[in-house]
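Student: Just a sequence and a predicted model for now, questions to come.
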Amino acid sequence: MLDGTSPLGTRRNFVRSTAAVGSALALGGCLGGSGGGGEDPIKIGDLAPRTGASSIYGQAKYRAAKLIVQRQNENGGLLGRDIELIAEDSQSDIERYKNLTNKLILEDQVDFLTGAVNSSAREAIRPVLAENKQLSAYTTQYEGGVCDQYMFVTGPTPDQNLAPLIPYMMENFGDSVYIAAADYNYGHVAADVATEMIESRGGEVVGEEFIPLSVSDFTSTINRMNSEEPDWMMHFLVGGNHQNFFSQQHSAGLDLPIGSPMAFASTYDHLTIEAPAMSNVYGCSTYVEELPGDANQQHVEALKGGEPEIRYANAPHYNHWMAYRYYFDAVEEAGTTDQAEVMRVIESGDFTVDTPLGTTQTMSRVHSPSLDMYMFTANEDHELEIIDDFSGLEPSTLLEECEVGTDASTWDDPISEFLYD
Amino acid sequence: MAFINTLLSYGTAILSSFAFLVLSAIGLAVIFGMMGIINLAHGEFILLGVYGTALSYHEIGLPLVLAMLVGALVPSVVGWVLERTVIQHLYTRPTDSMVATWGVSLITIEGLLLLFGPSYPGIQRPFGPVRVGTFSAPIYTFVLMGLAVGILLFTYYIFMYTEFGLRARATLQNEEAAHSLGVDTQSIYTKTFVLGSFLAGIVGGLYAPVISVEPNAGSRFVIAAFVTVIVGGANVLMGTFLSGSILAVIEGIGAQLVGTFFGRALLLIAAILVIRIAPQGVSTFIGEYE
């Protein structure tokens, strides 16, 4: 400062005020729920973050929830009752996730709860769900390992998206792999699982790096990959900042094939990054907008036609949609909204529902469905090309290691764990 | 060859960190360092530059350089309106300015999300890569580094060698005396704030081809900016250059040696140490300018 009495001198005040603002923020955001008249509606709580770092996933999930609930209500609701969607914006904020979960369970007494996006958010609210015996669903592709009486999952585990992707990459590009992953529980567990898969097939992980979610400059990572010279790269980077990686590796001239369970399907990078930066990237997921078929076309149109406007029908929306589908059909079959009864239907082992693709999907005993998976890449013009598809892939690790859906886990004496702890 | 490769790797890691720290900080150096406004919306000022650039590039089809200039005008106009309506009441209330600008930051983030959704198409980096053996890096990184120095010199020139600069320094040093000597201090405050906003906008334009265009992208700049300006200390412009250099060397070496996370951690530890040893920042070591 020019006169020496700078605002820099008030650093202590600055820190104090920042703390005050922070706690004010934490206290905010408790809105009352709305009550239904006549026969009580069936209440569904949805935490999908419409704002903040995960909004690219959350907005599509929110849109899917609105559409499927609206459709169901137009067709007479569930068991003759209306469905009330209580959608709370978790703002991608872990504390808010927890507060809102408590609010939805205790205040609104929802019958079903879903909407967590990141693994960190899921693990933050899972104890709250278990404590309150709350039926819930997690709807994001993830690192695997959720074995929980009260939660079913609709996104793929590594047995479903990495199991096809890693062999493909190794066969086509080679055995030495560099892993770059986001530095939180998802990235670490996913990297471990991938390492095991690569090594069990005779490959080698020549480098591994965990990158904080706040980082968006990958210069040193790219330098390191240049000097390690791997055959291809395994990509577990997540969120807005990390999205930047694809264009950066391209302009740095890193010409390395990249395998990613998130690319295209979750973050539609082929639409937001200038071609041809994504033409060396290979993805694997349950869904991309470009899947052929009239059923999918109509679904995409309906989804994009409403509020909030979304640019691309991504896989997060699809997995979220499926969670609602499972819940609705299970309630119909159980003939009640009693959460234990509904879960009993879901975990029966052969519970099958329709997908928006005109196909069917079956939930396995371990609360994780067997899935049809698609593998794809983009051409030089960033048009998506489906290169392979797989049907009915099982969540094998869970089927071996998780005992939900057996007598070992009941609604009142449950298993509620995460296998990779 | 391996040695050259290593040297180049460390060199680019340091250069890219330097460009990021200095460019993030430059607008804030004026608004916070000189004017004392704790501008928590600084990252969003840069972000408005990013959006302005991306929008005029994709929607109007302007050439990139022109799109960047148009982009820089967006936060300048917003800065001018903001200064006239909100900031001008807060020059003596730095902590209130923090709350107000934080509000502006939230409104901007959510406004952009409502208007353009969670992700807007980005721009490919111009110039492509440079290759030496197995080493490769974007040429644009070196361009950014050069521009960082250039923009610092430009700002230094404005404040040290123009009449506006003289009046601005006088006003910020002692408003009453400057006012009584016939300086229109209110207009000086407005112009200085708009200049700071414009610098942020230029940086947004320059980073539009580098970052992903999404509503939360501003947050990555604001921390780097405050750390650089605070470590820079009392002599704002020289301090920013010095602290940018020191922190970039530390972060670049850490990132290249161990990993990106380690580099970031080292940078923050270094910042804490500097503030502890020299509360007035690294400017202490070069003395204050006249």
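Tutor: Received the coordinates, thanks.
Student: I figured residue B:286 was touching residue B:242, is that so?
Tutor: Yes - assessed by Cβ atoms under 8 Å, residue B:286 is found in contact with residue B:242 at 6.9 Å. Every residue, glycine included, has its C-beta placed from N, CA and C.
Student: tell me the contacts of residue B:32?
Tutor: A:7, B:38-39, B:42, B:226, B:229 (Cβ atoms under 8 Å, 6 or more residues apart in numbering or on different chains).
Student: Among the residues you listed, which pair sits farthest apart?
Tutor: Greatest spatial distance in the contacts of residue B:32: A:7 and B:42, 13.8 Å, computed using Cβ to Cβ.
Student: residue of the stretch 301-421 of chain A with the smallest distance to chain B?
Tutor: Using Cβ to the nearest Cβ, the single residue of the stretch 301-421 of chain A nearest to chain B is residue A:311, 5.7 Å away.
Student: mind listing the helices for the chain?
Tutor: Let's take chain A. Using DSSP state H, the helices found in chain A span residues A:11-27, A:55-74, A:94-102, A:119-131, A:158-173, A:185-200, A:219-228, A:239-243, A:245-251, A:269-272, A:294-304, A:315-334, A:339-346, A:396-401.
Student: actually it's chain B I care about, not the one you picked
Tutor: Secondary structure of chain B (DSSP H): helices at B:2-28, B:42-55, B:64-85, B:94-116, B:139-161, B:163-173, B:175-180, B:185-207, B:219-232, B:236-257, B:260-277.
Student: Residue A:346 is nearest to which of these?
Tutor: Of all these, it is helix B:94-116 that lies closest to residue A:346, at 34.1 Å by Cβ to Cβ.
Student: Which neighbouring elements make contact with that closest one?
Tutor: In this structure, helix B:94-116 packs against helix A:11-27, helix B:42-55, with contacts taken as 3 or more Cβ pairs under 8 Å, 6 or more residues apart in numbering or on different chains; DSSP states H and E.
Student: re the thing from before, in CSV: the helices of chain B, plus mean neighbour count, distance to residue A:412 and mean pLDDT.
Tutor: Below are the helices of chain B laid out as CSV (neighbours: other Cβ atoms under 10 Å in any protein chain shown; distance: least, Cβ to Cβ, whole Å; pLDDT from 0 to 100):
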stretch, mean neighbour count, distance to residue A:412, mean pLDDT
helix B:2-28, 23, 55, 90
helix B:42-55, 29, 50, 96
helix B:64-85, 20, 58, 95
helix B:94-116, 18, 43, 91
helix B:139-161, 17, 60, 93
helix B:163-173, 18, 69, 90
helix B:175-180, 14, 72, 88
helix B:185-207, 24, 55, 94
helix B:219-232, 25, 45, 90
helix B:236-257, 24, 51, 91
helix B:260-277, 17, 43, 89
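Student: Can you check which of those helices gets nearest to residue A:194?
Tutor: Closest approach to residue A:194 among those is made by helix B:260-277 (19.0 Å; Cβ to Cβ).
Student: Tell me which other helices or strands that closest one touches.
Tutor: Helix B:260-277 sits against strand A:204-211, helix A:219-228, helix B:2-28, helix B:219-232, helix B:236-257, with contacts defined as 3+ Cβ pairs under 8 Å, 6+ apart.
Student: Could you see whether chain A lies near the fourth one?
Tutor: Yes - remark: helix B:219-232 sits within contact range of chain A at B:219-220, B:223, B:230, by Cβ under 8 Å from any Cβ of the partner chain.
Student: Which residues of the stretch 151-290 of chain B lie near chain A?
Tutor: Proximity of the stretch 151-290 of chain B to chain A, by Cβ under 8 Å from any Cβ, involves residues B:169, B:172-174, B:210-217, B:219-220, B:223, B:230, B:233-234, B:236, B:252, B:255-256, B:259-261, B:263-264, B:275, B:279-281, B:288.
Student: Can you get me a residue count around the closest residue to chain B within chain A?
Tutor: Among the residues of chain A, residue A:253 lies nearest to chain B; the distance is 2.9 Å by Cβ to the nearest Cβ. Number of residues near residue A:253 (other Cβ atoms under 10 Å in any protein chain shown) recorded here: 17.
Student: Could you give the backbone dihedrals for it?
Tutor: Main-chain torsions, residue A:253, degrees, to the nearest 10: phi 70, psi 30.
Student: In contact with the residue nearest to residue A:133 when sequence neighbours are not counted, which residues?
Tutor: In space, not counting the residues next to it along the chain, residue A:133 is nearest to residue A:150; the distance is 6.2 Å by Cβ to Cβ, 6 or more residues apart in numbering or on different chains. Listed by Cβ under 8 Å, 6+ apart, the contact partners of residue A:150 are A:129-130, A:133-136, A:339, A:343, A:414, A:416.
Student: before we move on, what about residue A:214?
Tutor: Counting by Cβ under 8 Å, 6+ apart, residue A:214 makes contact with A:241, B:219-220, B:223, B:264.
Student: which of those sit farthest apart?
Tutor: So, the contacts of residue A:214 by Cβ to Cβ: farthest apart are B:219 and B:264, at 14.0 Å.
Student: What pLDDT does the model give the most centrally placed residue in chain A?
Tutor: In chain A, the residue lying closest to the centroid (Cα atoms, centre = their mean) is residue A:140, at 2.0 Å. For residue A:140, the pLDDT comes out at 94.
Student: Would you check that it makes contact with residue A:318?
Tutor: No - Residue A:140 lies out of contact with residue A:318 (Cβ under 8 Å); the separation is 11.0 Å.
Student: Residue B:49 contacts residue B:76, correct?
Tutor: No - Residue B:49 is beyond contact range of residue B:76, at 9.1 Å (criterion: Cβ under 8 Å).
Student: Need the residues touching each of these two.
Tutor: Jointly contacting residue B:49 and residue B:76 under the rule Cβ under 8 Å, 6+ apart are residue B:201.
Student: Can you give me the neighbour number for the one residue in the stretch 101-250 of chain B that gets nearest to chain A?
Tutor: Residue nearest to chain A within the stretch 101-250 of chain B: residue B:129 (2.9 Å; Cβ to the nearest Cβ). When counting by other Cβ under 10 Å, one arrives at 19 neighbours for residue B:129.
Student: which ones are touching the residue lying closest to residue B:199 once chain neighbours are set aside?
Tutor: Spatially, and ignoring its direct neighbours in sequence, residue B:199 is nearest to residue B:27 (3.9 Å; Cβ to Cβ, 6+ apart). Counting by Cβ under 8 Å, 6+ apart, residue B:27 touches B:42, B:45-46, B:196-201, B:203, B:225.
Student: farthest pair in these?
Tutor: Using Cβ to Cβ, the contacts of residue B:27 span at most 15.3 Å, a distance reached by B:198 and B:225.
Student: ok, residue B:44 touching residue B:218?
Tutor: Yes - taking Cβ under 8 Å as the definition, residue B:44 is a contact partner of residue B:218 at 4.3 Å.
Student: shared neighbours of those two, anything?
Tutor: Counting by Cβ under 8 Å, 6+ apart, the contacts common to residue B:44 and residue B:218 are B:105, B:108-109.
Student: Would you mind listing where chain A has pLDDT under the threshold?
Tutor: The model of chain A has pLDDT under 70 over residues A:1-38.
Student: redo that, cut-off 80
Tutor: Chain A contains residues with pLDDT under 80 at A:1-39, A:214, A:239-241, A:306-308, A:421.
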